[in-house]
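Undergrad: Structure for this input, please:
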Amino acid sequence: MKKYLNETWSMYVLVFAFCFMLFLYEPLTMYLGNISDFWFGISTMFKMSFLLFLIVFIMMVIGFNIVFLINKKKDKKFYKTCTMIMFIVFFCSYIQGNYLVGNLPLLDGSEIIWSNYKVDWLISLVLWIVAIGLVIFLVKKLTLNKMVKYVGFVGLAIFLMLSVSLSTSILTSKEGIEKDFIPLTTNKDINKYSSDKNFVILLLDCVNSTSFMNQLKKDANFKDMLNDFTYYPDMMSYHGYTDESIPLILTGKIYRNDAPIVEWSTNAYKESYLFDLMEKNGYELDIYDTNLLYSDKSAKRINNLIDYEKNEKLIYNSINKISFWKQEIKYILFRYLPSYLKRFSSISSMSYRIGLMVGKSYRLDNDFFESQNEDVLSVLKKNKISIVDNRVFKFIHTNGAHEPYTTNKNFEPIDNPTYYDAIDSSLSLTKIYLEMLKENNVYDNTVIIIMADHGFRTEESHNGKQNPIFLVKGINETHKGMKTSNKPLSFVDLDGMYEDLILGKNSSELFSTIPDKRVRQYLSYSFQHKEKMIEYETKDKAWETEKMYKTGKVYRKS
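TA: So this is what the prediction gives:
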């Protein structure tokens, strides 16, 4: 046994360090760095990752031991050569996944143009060639036996460095570990409406204002569906991304890198003017959003949320582990494969929801809410609308025209769908939803706001992400056609609008105190670099991106 361990300890160290890096270090570090993207707590990520780590580690150890046993020669040269190959793969993967990741493409669902990363291919190729050449040189200079021992110590050193890095991330990520409440959104009561009054916000993610209207005008099927609404084309969002924009819509608070996003948004929701206003006027709160950043027990005020922690064991046992691991492995391959091979990871987004949704074996009263347009439509059609006496507030966040694009206006999968196909899908969903309300006699007594959290920059226009779609219909409001108001609006105006709509004002009576000319602000930042928010202002139309100018204010994470 002593002789066996003396010959194999380096292999055990390398395999352990390699599996630790890929299946524990990377998933946990990724989780802690993207907390707001996950519907589950860190304990679920650890348990799922540890199980995968254990399976792969055991399989690799068995494989190496088979090589060790069939290599009957005394010098075990073939086995030791395999160990050196293992070291090259481990070491190059370590460098690739931890130091050559500054230029990785976004995982926001959009198509990745891999041909744009040819410089990365070259750098990655040089890394592997140098590593292989250096190992061959050292083997010839120091002998294979000595190198096998040395690489074991290198593997141990890398494992210790990764362990320290992970421990530091855990210790400094209080937000990711200590959550009083982790909300999971169910479909509970999504088809329940009041015979008295309803207040609905239908949010179509990433739908640009003018693009929406242009598509609407092209299709006669959509001609009359917004007759009772007032369209506000000159609406300006404050943020260009969902995590920061949704809390502003629902709380009136602006995120300026004041704190970690989940901590900040939780405090904002606890003080939400809209929520307080609705409850004060007897409205039940229903929020349908796959990623509501509200980690506090006060979130229980929202009717259709359940606490992940209270249902953790049930949910964990119901996760389709194969689907979950597939998504995890896609991300690991995306991160650690040589640059040219990353395309074969087949990843487009970092969504782990599929691991939960495919299982569908949980014993909860309601399924979990899914935001894809076709999924929302399916749920809306699944059950008849039920009518109750209590007033109802609903916020329904659909995928709208956000990537990945999946279907056309008939919700049919098509090859190479575009942004405009996604807008058509959003229009169809909106039309069907409004017709359902009319057919069940809850359209007239319902305030309806159709909006986006932000717009989208299209290649053929100057429209930017600061100009989302925005339409409003008040209680018992009817028009012969859609009205248009050119008021220069901002999401900071929404709280006043909510109160006016509760008081019974129609859409043309809103924003009466807003002047015809004003200065509005917008925070510009990238998806990858939210730690630096640059403030812009404009005195012109919201879609006139080229007329926006910097104020000199920059909000950075402390």
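
Undergrad: quick one, strands of the stretch 101-250 of the chain?
TA: Along the stretch 101-250 of the chain, the stretches classed as strands by DSSP state E, counting those that start in this stretch are 183-185, 192-194, 198-204, 230-231, 235-236.

Undergrad: which helices and strands sit right next to the third one?
TA: With contacts defined as 3 or more CB pairs under 8 Å, 6 or more residues apart in numbering; DSSP states H and E, strand 198-204 has these neighbours: helix 242-251, strand 391-398, helix 419-439, strand 446-451. Every residue, glycine included, has its C-beta placed from N, CA and C.

Undergrad: ok, now the last one?
TA: Using 3+ CB pairs under 8 Å, 6+ apart as the contact criterion, the neighbours of strand 235-236 among helices and strands are strand 489-490.

Undergrad: what's the following helix or strand after the strand it packs on?
TA: Tracing the chain past strand 489-490, the next element assigned as helix or strand by DSSP states H and E is helix 494-502.

Undergrad: In TSV: the helices and strands packed on strand 198-204, plus mean pLDDT, mean neighbour count and distance to residue 21.
TA: Written out in TSV, the entries for these read as follows (pLDDT from 0 to 100; neighbours: other CB atoms under 10 Å; distance: least, CB to CB, whole Å):
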stretch	mean pLDDT	mean neighbour count	distance to residue 21
helix 242-251	95	23	29
strand 391-398	97	23	36
helix 419-439	94	20	38
strand 446-451	97	23	44
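
Undergrad: Out of these, which gets nearest to residue 374?
TA: The closest approach between residue 374 and any of the helices and strands packed on strand 198-204, judged by CB to CB, belongs to helix 419-439 at 7.7 Å.

Undergrad: For the helices and strands packed on strand 198-204, could you give me a markdown table that also reports distance to residue 547?
TA: Conversion of the helices and strands packed on strand 198-204 to a markdown table gives the following (distance: least, CB to CB, whole Å):
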| stretch | distance to residue 547 |
| --- | --- |
| helix 242-251 | 22 |
| strand 391-398 | 30 |
| helix 419-439 | 24 |
| strand 446-451 | 23 |
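
Undergrad: need the contact list for residue 112.
TA: Residues in contact with residue 112, defined by CB atoms under 8 Å, 6 or more residues apart in numbering, are 105, 343, 348.

Undergrad: Buried ones among the residues you listed?
TA: Buried positions within the contacts of residue 112, assessed by neighbour count (16 or more other CB atoms under 10 Å), are 105, 348.

Undergrad: between the contacts of residue 112, which is closest to residue 295?
TA: For the contacts of residue 112, the minimum distance to residue 295 (CB to CB) is 27.3 Å, reached by residue 348.

Undergrad: Quick check: the closest one touching residue 107?
TA: Yes. Checked against CB atoms under 8 Å, the pair residue 348 and residue 107 is within contact range at 6.8 Å.

Undergrad: before we move on, back to that, nearest to residue 312, of the strands of the stretch 101-250 of the chain?
TA: The minimum distance between residue 312 and the strands of the stretch 101-250 of the chain falls on strand 183-185, with 10.2 Å, by CB to CB.

Undergrad: I'd like to know which elements the closest one is packed against.
TA: Counting contacts by 3+ CB pairs under 8 Å, 6+ apart, strand 183-185 packs against strand 305-307.

Undergrad: centre of the chain versus the strand it packs on, how much separation?
TA: Mean-position distance between strand 305-307 and its chain equals 19 Å (CA atoms, centre = their mean, to the nearest Å).

Undergrad: about what we covered before: out of the helices and strands packed on strand 198-204, which gets nearest to residue 305?
TA: With CB to CB as the measure, strand 391-398 is the member of these nearest residue 305 (11.9 Å).
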